[in-house]
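Undergrad: quick one: sequence and predicted model below, then my questions.
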Amino acid sequence: MTNTTVPAFQVSDLSSRMFWDTPLENIHWFEHRHFIIERVMRYGQMTDWETIKQWYGPDIMREVVVELRDLDDISIAFLSLVLDLKKENFRCYIEKQSRQSFWDC
């Protein structure tokens, strides 16, 4: 079971450039896991990815990433591979497929 009260890491262990709009002291590593993981996928470096992988572990990572609403195709492909998920499991992938493109009109 994941300990949600005493983190082994701090958000400040991640690249601070990902959180330019939010004070680090306002980000709780577990409570804001969706926000942190999405930011790492958008703006992080590989070291940030390794850090969150250690923080959350594969089960929580899978649980969170499939719920995210906005991931680019490269992030979906990467996460599918490293977390052994089908792209069809991702909420953002399903919603992208159902949205009509401007060019499809």
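TA: Nice, thanks for sending it over. Numbers count the residues shown, from 1 in each chain.

Undergrad: and the closest residue to residue 92 other than its chain neighbours, how many neighbours does it have?
TA: Distances taken as Cβ to Cβ, 6 or more residues apart in numbering put residue 71 closest to residue 92, at 4.8 Å, once the chain neighbours are dropped. (Glycine included, C-beta is placed from N, CA and C.) Neighbour count for residue 71, taken as other Cβ atoms under 10 Å: 22.

Undergrad: so which strand or helix has residue 38?
TA: Per DSSP states H and E, residue 38 falls inside helix 33-43.

Undergrad: tell me which other helices or strands that helix touches.
TA: Judged by 3 or more Cβ pairs under 8 Å, 6 or more residues apart in numbering; DSSP states H and E, the packing partners of helix 33-43 are helix 46-65, helix 73-82.

Undergrad: try 6 Å this time
TA: With contacts defined as 3 or more Cβ pairs under 6 Å, 6 or more residues apart in numbering; DSSP states H and E, helix 33-43 has these neighbours: helix 46-65.

Undergrad: other residues contacting the helix it packs on?
TA: With contacts defined as Cβ atoms under 6 Å, 6 or more residues apart in numbering, helix 46-65 is touched by 9, 13, 14, 15, 33, 34, 37, 40, 79, 83.

Undergrad: need the residue closest to the centroid of this structure.
TA: residue 37 (2.6 Å; Cα atoms, centre = their mean).

Undergrad: tell me the pLDDT at that one?
TA: Residue 37 is assigned 93 on the pLDDT scale.

Undergrad: hang on, the earlier thing: chain center to the helix holding residue 38: distance?
TA: Chain-centre distance of helix 33-43: 4 Å, with Cα atoms, centre = their mean, to the nearest Å.
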